[in-house]
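1. got a predicted structure plus its sequence, pasted below:
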Number of protein chains: 2
Amino acid sequence: MSTMAPAQTLKGFRDILPEEFYARAYVKEKLMAVFEQYGFSPIETPTLEYASLLLGKYGAEADKLIYRFTDAGGREVGLRYDQTVPTARFIAEHREQLPGFFRRYQLQNVFRAEKPQKGRFREFTQCDLDIYGTTSPIADAEILSCTYDAYKAVGFATVVLRCNDRETLITTLSPFALDSVSIHSIIQSIDKLDKIHEEGVVDELEKKGMVRERATEALHAVIASKPSSALKQIMDRAIALGVDTEALVFDPSLARGLDYYTGMIFEVSVPEYAVGSLGGGGRYDKLLASLAQIDMPAVGVGLGFDRIVEAACELNLIPSHTGSSVLVTLFDDESIGDALSLAHMIRKSGVAALVYPEVAPLSKQFKYANIGHVQYVVVCGPDERAANSVTVKNMRSGMQQTIPRSELITNITSQS
Amino acid sequence: MSTMAPAQTLKGFRDILPEEFYARAYVKEKLMAVFEQYGFSPIETPTLEYASLLLGKYGAEADKLIYRFTDAGGREVGLRYDQTVPTARFIAEHREQLPGFFRRYQLQNVFRAEKPQKGRFREFTQCDLDIYGTTSPIADAEILSCTYDAYKAVGFATVVLRCNDRETLITTLSPFALDSVSIHSIIQSIDKLDKIHEEGVVDELEKKGMVRERATEALHAVIASKPSSALKQIMDRAIALGVDTEALVFDPSLARGLDYYTGMIFEVSVPEYAVGSLGGGGRYDKLLASLAQIDMPAVGVGLGFDRIVEAACELNLIPSHTGSSVLVTLFDDESIGDALSLAHMIRKSGVAALVYPEVAPLSKQFKYANIGHVQYVVVCGPDERAANSVTVKNMRSGMQQTIPRSELITNITSQS
C-alpha cells in the first residue's frame, strides 16, 4: 500500500465538516418540506452521463467547463454540469412512468471547472424545482409561491421575487434589434443593469454595434415598460396562493441571462443579505423539445443552495447543533459495565449519548465534554454505584447533582 | 443547442425515481438517527480527489476500477472509490479541528468501473461509521452496538453480528504459513468458506501451494479455535450497551478479505434476507499510519446501504409514501382564485396539497388524483362557493361529502 503524497483536497474542492454538514442538512430539510407540501417529487440522476448529452447544451464557453473524460470502456463521459439537461434525458427515458403533469425537485452536486473564488467551488449543490407538461399560468404561480415559501421556511424575514415577462422584453426590444445585434444580445446586456448601471449597459451595447442614442432609447423603453396581462395574472395567482403582495415586484429590466426562457422570469432576493440573487427561474416551453425531442412546456426555478446556506449562516438563522447531549464518563475499570448500561438507558430514552472510550482522569473526560459541546456529563463511581445513584453535571449552568439513577432521564430531559 | 443523441443513462448507472428516493431517504433517516444517538458526527469529502491519493491504496486489481482522468488544469484526478481513504486525508488535513476521539459517519456515493450486475451499479452509496484515536475495546463495542441498533432501526426483526478476532486467526494459522503461501493468503481462502465450503477452500489452498493435508489441518484448526479474551470482552461490552446476547455469534472462520484489519472483525447478516452479508467491519490500527502518516488506531463498519434498502423493500419494512394528501381541482375559470386560496389554507395547516394546473373535466382531474395516489380530492364549484362549502372525496373509502369550508382541515386530518 503506497503512502499518500499530497494530503490535501483538490483546488476548488472542499470537505464538509460536521458543523457545515448540519447547517446544510437544516436548510435542505426546510426546503424539502416545502417542496413536498406543494406536491413535488424528488428524483436523482447519475453523476456521470454520456458526454454527448452534456456537450453543446450550455454554450461553447460552458462546454470548456464540463469535466469530461474517456472511461475504461472507451465511452466519452462527463460529470453532471447542471440538473436541467439530465432531467430532460430522465423524462425522455421514463416518460411512461411519470404523471402527465410532472412536478419534480432535485438536490444534487454539479461540477464546473471554473476558476475557484471565495465561497465558489468546482463541486457545488444545485436545488431545482420544476413543473413539466403545462403552459398554465397556475403552474408559474405555483413555482413562485413554492419558492417564496421555501425561502421563508429557511427563516429569511423578507423575501422579494422580482418578476418580468420575456415576451414583454422581446416586444419592447424588437424595434431595436439589428442584424449585427440580436434581441438576445441586447437582453444579455440589459441583464447587467444591476451590476454595471445604465452607463455600462449603453457602453456595452455601443461596443456591440448599436448607435449610442438607440441603445439609450432601448434601455429606457425597457425601464418604462408595463407588466403584461399574462404576468399580472401569474402574480395575482401567486398572491392567492399566499405570497405576500409586497414580495412580488415587477422589474421591467430583469432579463435573466439564459436564452431559453419564453415567458415569466424571476429572481429571488433577500434584502437582509444584499449579495445579489439567491435564485431565479422562469418559463421555458421550448427547451425540452430542443434537448430531448419532447414537446413539453416547463416552468421552474433554481434555488442557490450554497448561497442560501451561506446567507442563513451569516444571518444566524440556523439553530446551533448541540452535539451529543450526554457524555457518560468511565470512573474505573470496575464501573465500565455499569457506565455502558447507563449509556444504553439514555440512548433508549431518545437522548444522544457518548461514552468516553477509556478510563482516564475525570478532568480529562470533562475537558473532552467541553470541546464537544456536550450538555451533560454523567459520573458513576463506586459511591454512586453503592447508592444506586448518578452524578450529573449540567455543563451550561455548571450545576452538579447526585440523584437516584431512576431520575436521570427526567432530570436531563426536563432541563433542556 | 445541439439535440440529444443517446437519451439513456450510462451502462451501470441509474436514475432514482421518486418511490426509490423515498425508500432510500427513509433508510438514511433511520440510520442517521442512530448514529447521532451514539454521538457520531457527519462529514463529507469531495467527489474528486488527486489520483495519487487513491492509487495503490486498494490493491492492483482495484486500481483498474478507479475512474480517473486528467483535468483541464493537467491534474491527475479520480472519483471517490471508497470513504476510508478520503477520510484518512480528511483527518490529516483537519486534525487540529477534530476532537481527540473522532467519531464520524459518512454516507456518500462511490464509483467503481466494475462489471455491472443485477442490483450492482457503478455508482452506489457507502455508509461508514468509524471511531478514530483509541484502541479501547469499548470503541469496538460501541461500533458493534451502534451497528446493531442501526439495522434494528430500519426494521429488521433479527440482526446477527458474526464476530472474530484477526489475532486469533493469525496465531492459529502462523504454524501453517509458508514462504510461498502467506498467512494473509490463507486467510483470504478461508474467508470463502461460506461460499465454496471446506472442499473448495482446501482445493484453493492446495492450488496456492499447500500440501492438501496441511490445508485441511489449517482449516480445522481455525474452525476449532475459541474466542480470544479480547473478543470476549468486546462482546460483553456490546451486551452491556444493549446488543441482544443471541445477536452476537462467534464465528472462528470469519476472515474478512481486507488485509488491513488488526483485531476484532465482524459481519452483519439478517436471517430473513439470506443474500449474504449486509455490512461488516473491524479494527484497523495501522491503516492511517500507512495512508496518511498518522499514528491513529481505528475501528469501524461499512453498512451496505444499497443492500439494506433492497432488503428493507423486499421485506416490506418501508412505509409507502402516500404522495400528496390533497388534490385541489379547478372547476371553472371563475373558481381558480378560490381554489388557490384553499390550497394555501391546506398547505398552511401542514398538509401537502397539489393544485390541478388547468381547468379540465372533473373526471380527468379525478383520474390524475388516482394515478398520483392522492388521498383526498377537493372540489369547489359555484354551488360550493355560494354556500361557503367544499366537496371532499376520500379516494380510499370512496366517500364524498359536502362540508362547511371551515371544517375542511379537521375533516381531512381526522380521517388519516
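-> Arrived safely.
2. buried residues, the longest helix along chain A. List them.
-> Across chain A, the longest stretch assigned as helix under DSSP state H is helix A:18-37. For helix A:18-37, the neighbour count (16 or more other C-beta atoms under 10 Å in any protein chain shown) marks A:18, A:20-28, A:30-32, A:34-37 as buried. Just so you know, the C-beta spots here come from the backbone N, C-alpha and C atoms, and that holds for glycine as well.
3. swap in stretch A:208-215?
-> So, applying 16+ other C-beta under 10 Å, buried residues of stretch A:208-215: A:208, A:210, A:214-215.
4. now narrow the buried residues of helix A:18-37 to whatever sits close to chain B.
-> With C-beta under 8 Å from any C-beta of the partner chain as the criterion, these include A:18, A:21-22, A:25, A:36-37 near chain B.
5. show me what from the stretch 301-416 of chain A comes close to chain B.
-> Proximity of the stretch 301-416 of chain A to chain B, by C-beta under 8 Å from any C-beta, involves residues A:323-324, A:330, A:336-337, A:340-341, A:343-344, A:347-348, A:350-358, A:368, A:371-372.
6. what does the helix or strand where A:Val110 lies rub up against?
-> Taking DSSP states H and E as the criterion, A:Val110 maps to strand A:102-111. Strand A:102-111 is contacted by residues A:28, A:31-32, A:35, A:38-45, A:47, A:66-67, A:79-83, A:87, A:91, A:122-133, A:305, B:18, B:47-48, B:354 when judged by C-beta atoms under 8 Å, 6 or more residues apart in numbering or on different chains.
7. run the last query once more with 6 Å
-> Strand A:102-111 is contacted by residues A:35, A:39-44, A:67, A:79-83, A:123, A:125-129, A:131-133 when judged by C-beta atoms under 6 Å, 6 or more residues apart in numbering or on different chains.
8. quick check on the residue of the stretch 301-416 of chain A found nearest chain B: phi, psi?
-> For the stretch 301-416 of chain A and chain B, the shortest gap (C-beta to the nearest C-beta) falls at A:Leu354, measuring 3.3 Å. Dihedral pair for A:Leu354: phi -120, psi 140, per degrees, to the nearest 10.
9. I'd say it and A:Leu327 touch.
-> Yes. Under the criterion of C-beta atoms under 6 Å, A:Leu354 makes contact with A:Leu327 at 5.1 Å.
10. which stretches of the stretch 251-400 of chain A have low pLDDT?
-> Along the stretch 251-400 of chain A, the model assigns pLDDT under 70 to residues A:322-324.
11. could you rerun that using 80?
-> Within the stretch 251-400 of chain A, the segments meeting pLDDT under 80 span A:257-259, A:321-324.
12. enumerate every residue touching A:Thr84.
-> Counting by C-beta under 6 Å, 6+ apart, A:Thr84 has no contacts.
13. no, scratch that, I was asking about A:Ile186
-> A:Leu173.
14. check A:Leu241 too.
-> A:141, A:145, B:340, B:344.
15. switch the cut-off to 7 Å
-> By C-beta atoms under 7 Å, 6 or more residues apart in numbering or on different chains, the residues touching A:Leu241 are A:141-142, A:145, B:340, B:343-344.
16. over to it: give its phi and psi.
-> Dihedral angles for A:Leu241 - degrees, to the nearest 10 - are phi -80, psi 0.
17. what of A:Tyr261?
-> phi -70, psi 140.
18. same check, this time on the one 10 residues further on
-> Listed backbone geometry of A:Pro271 is phi -60, psi -30, with angles given as degrees, to the nearest 10.
19. against chain B, how distant is it?
-> Distance from A:Pro271 to chain B, counting by C-beta to the nearest C-beta, to the nearest Å: 24 Å.
20. what's the answer for A:Gly133, then?
-> 8 Å.
21. phi and psi next, for that residue.
-> Main-chain dihedrals, A:Gly133, degrees, to the nearest 10: phi 100, psi 10.
22. can you get me a residue count around it?
-> A:Gly133: 20 surrounding residues under other C-beta atoms under 10 Å in any protein chain shown.
23. need the nearest residue in space to it, chain neighbours excluded.
-> A:Phe101 (4.6 Å; C-beta to C-beta, 6 or more residues apart in numbering or on different chains).
24. low-confidence bits of the stretch 101-250 of chain A, can you list those?
-> Using pLDDT under 80, the stretch 101-250 of chain A drops low at A:119.
25. could you pull out the strands for it?
-> A:102-111, A:123-132, A:160-165, A:248-250 (DSSP state E, counting those that start in this stretch).
26. just checking: what are the partner strands of the first one?
-> Note on strand A:102-111: by DSSP bridges, its sheet partners are strand A:41-42 (parallel), strand A:123-132 (antiparallel).
27. next, the angle from that strand to helix B:18-37.
-> Here the directions of strand A:102-111 and helix B:18-37 differ by 50 degrees (axes from the mean of the first three to the mean of the last three C-alpha atoms, to 10 degrees).
28. and strand A:102-111, how far from the chain's centre?
-> 10 Å (C-alpha atoms, centre = their mean, to the nearest Å).
29. next one: the shortest one
-> Between the mean C-alpha location of strand A:248-250 and the chain-wide mean there is a distance of 23 Å, by C-alpha atoms, centre = their mean.
30. given it, what are its sheet partners and their directions?
-> Assessed with DSSP bridges, strand A:248-250 is paired to strand A:160-165 (parallel).
31. not counting the partner strand itself, show me its contacts.
-> For strand A:160-165, using C-beta under 7 Å, 6+ apart, the contacting residues are A:144, A:147-148, A:227-228, A:230-231, A:235, A:247-252, A:254, A:263-269, A:271.
32. go on, stretch A:139-154?
-> Looking at stretch A:139-154 with C-beta under 7 Å, 6+ apart, the contacting residues turn out to be A:27, A:30-31, A:33-35, A:38, A:129, A:131, A:159, A:161, A:234, A:237-238, A:241-243, A:247, A:264, A:266, A:268, A:270, A:279, A:281, A:283, A:299-301, A:303, A:308, A:312, A:317, B:355, B:357.
33. repeat that for stretch A:338-346.
-> So stretch A:338-346 is contacted by A:326, A:328, A:330, A:353, A:355, A:378, A:380, A:385, A:390, A:409, B:237, B:240-242 (C-beta under 7 Å, 6+ apart).
34. could you export that stretch as PDB, CA atoms only?
-> C-alpha atoms of stretch A:338-346 as PDB (Å, rounded to 0.1, in the frame of the first residue of the first chain):
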ATOM      1  CA  ASP A 338     -22.400   0.000  34.600                       C
ATOM      2  CA  ALA A 339     -21.500   3.100  32.600                       C
ATOM      3  CA  LEU A 340     -22.300   1.300  29.400                       C
ATOM      4  CA  SER A 341     -25.700   0.200  30.700                       C
ATOM      5  CA  LEU A 342     -26.300   3.800  31.600                       C
ATOM      6  CA  ALA A 343     -25.400   4.900  28.100                       C
ATOM      7  CA  HIS A 344     -27.800   2.300  26.800                       C
ATOM      8  CA  MET A 345     -30.600   3.500  29.000                       C
ATOM      9  CA  ILE A 346     -30.100   7.100  28.000                       C
END
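35. any buried residues in it, and which?
-> Across stretch A:338-346, burial judged by 16+ other C-beta under 10 Å covers A:338-346.
36. just stretch A:257-274 next, same as before
-> A:258-270, A:273.
37. can you put those in CSV and add secondary structure?
-> Shown next, in CSV, are the buried residues of stretch A:257-274 (DSSP: H, G, I helix; E, B strand; the rest coil):
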residue, secondary structure
A:Leu258, coil
A:Asp259, coil
A:Tyr260, coil
A:Tyr261, coil
A:Thr262, coil
A:Gly263, coil
A:Met264, strand
A:Ile265, strand
A:Phe266, strand
A:Glu267, strand
A:Val268, strand
A:Ser269, strand
A:Val270, coil
A:Tyr273, coil
